[in-house]
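S.K.: Kindly generate the corresponding structure for this input.
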Amino acid sequence: MRKLRIITLAIAGLLVLTAIAFAAQENTYTVSASTSPTTAGTTKKPVPVQVKFGYTVGEKSQQRPALIKKYDINFAGLQVNGSLFPGCSQAKIDQDQTDANCPKGSLMGTGNVENAAGPTNDPTNRALSCHLDLKFYNSGKNKAALYLKGGPNDPRGAAKSCPLEVNKAIDANFVQTKKGTSLVFSVDDTLLHPAPGFDNAVINVNSVIKKVTKKVKGKTRGFFESFGGCKNKKRAITVTFTPVSGVAGKAQSLAACK
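M.R.: Model prediction:
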């Protein structure tokens, strides 16, 4: 309790600032992604794959990045078969305040989210770091739940801690597109603003969605499957970042594909 009180007082202290004019935040983005195997597959013979995916959010003048409200992550040539596997919804996780009751086999991946936090009225201040563990749950047909958890008393040490307790799932949707499938989700305001007058900006995300398979009518089907999408032996993974205010930005990774 004493440690949490000290952190809370530190946050309060950061909010006591003189009114100063700051440059508008201008984000920069990078994306990294790969599939395993890299086989393209076809619509008649799709190939189950593991997907490694990540992105970084920076700021041109080294300020804290502007908050991102919505993400649209398009995987060219990939499809999702959520209806074939057990599911655990965002509503269930948030109601239970834990993922301990999620059905076996519904966890599809894991990762981490790194954040820089600071006062809303001072984007140059990124004094507090917040590490969150990420779990990716299937939630049924074209649905997923992104479960984020972290806090100030993590036994793994300061690098794996967050100044405030976070225990929240994000509702996400898979949307079929002409090129493949997009994972689309919006971030809850409680994650963007974990305390009054305070912003929590994502700066780095890494995740691995496992190659999970199941026999269906004698055929091996995967949670994520590749049915094509290769162009010049590359697969495009494109992210559209929509900030709370301002213009949306895009970044792309070209993953090996054959």
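
S.K.: Is S61 part of a helix or strand, or is it coil?
M.R.: Classification of S61 using DSSP: H, G, I helix; E, B strand; the rest coil returns coil.

S.K.: what's the answer for T190, then?
M.R.: Classified using three-state DSSP, T190 is helix.

S.K.: Can you get me a residue count around it?
M.R.: As a burial measure, T190 scores 11 neighbours (other C-beta atoms under 10 Å). From N, CA and C alone the C-beta is placed, and that goes for glycine too.

S.K.: which residues touch it?
M.R.: By C-beta atoms under 8 Å, 6 or more residues apart in numbering, T190 lies in contact with K168.

S.K.: Distance of it relative to N200?
M.R.: 10 Å (C-beta to C-beta, to the nearest Å).

S.K.: what does K44 give?
M.R.: 45 Å.

S.K.: Between these two, which has more neighbouring residues?
M.R.: The neighbour count for K44 versus N200, taken as other C-beta under 10 Å, is higher for N200 (25 against 6).

S.K.: That one is in contact with H193, isn't it?
M.R.: Yes. Between N200 and H193 there is a contact under C-beta atoms under 8 Å: 7.1 Å.

S.K.: residues shared between the contacts of those two?
M.R.: What both N200 and H193 touch, as defined by C-beta under 8 Å, 6+ apart, is an empty set.

S.K.: Which secondary structure element of the chain has the lowest mean pLDDT?
M.R.: helix 2-14 (a mean of 45; mean pLDDT, DSSP states H and E).

S.K.: Quick check: which ranges of the protein have low pLDDT?
M.R.: For the chain, applying pLDDT under 70 flags the ranges 1-22.

S.K.: can you pull up the bridge partners for the most centrally placed residue in it?
M.R.: Nearest to the geometric centre of the chain sits V205, at 6.1 Å (C-alpha atoms, centre = their mean). On the basis of DSSP bridges, V205 takes part in beta bridges with Y55, V113.
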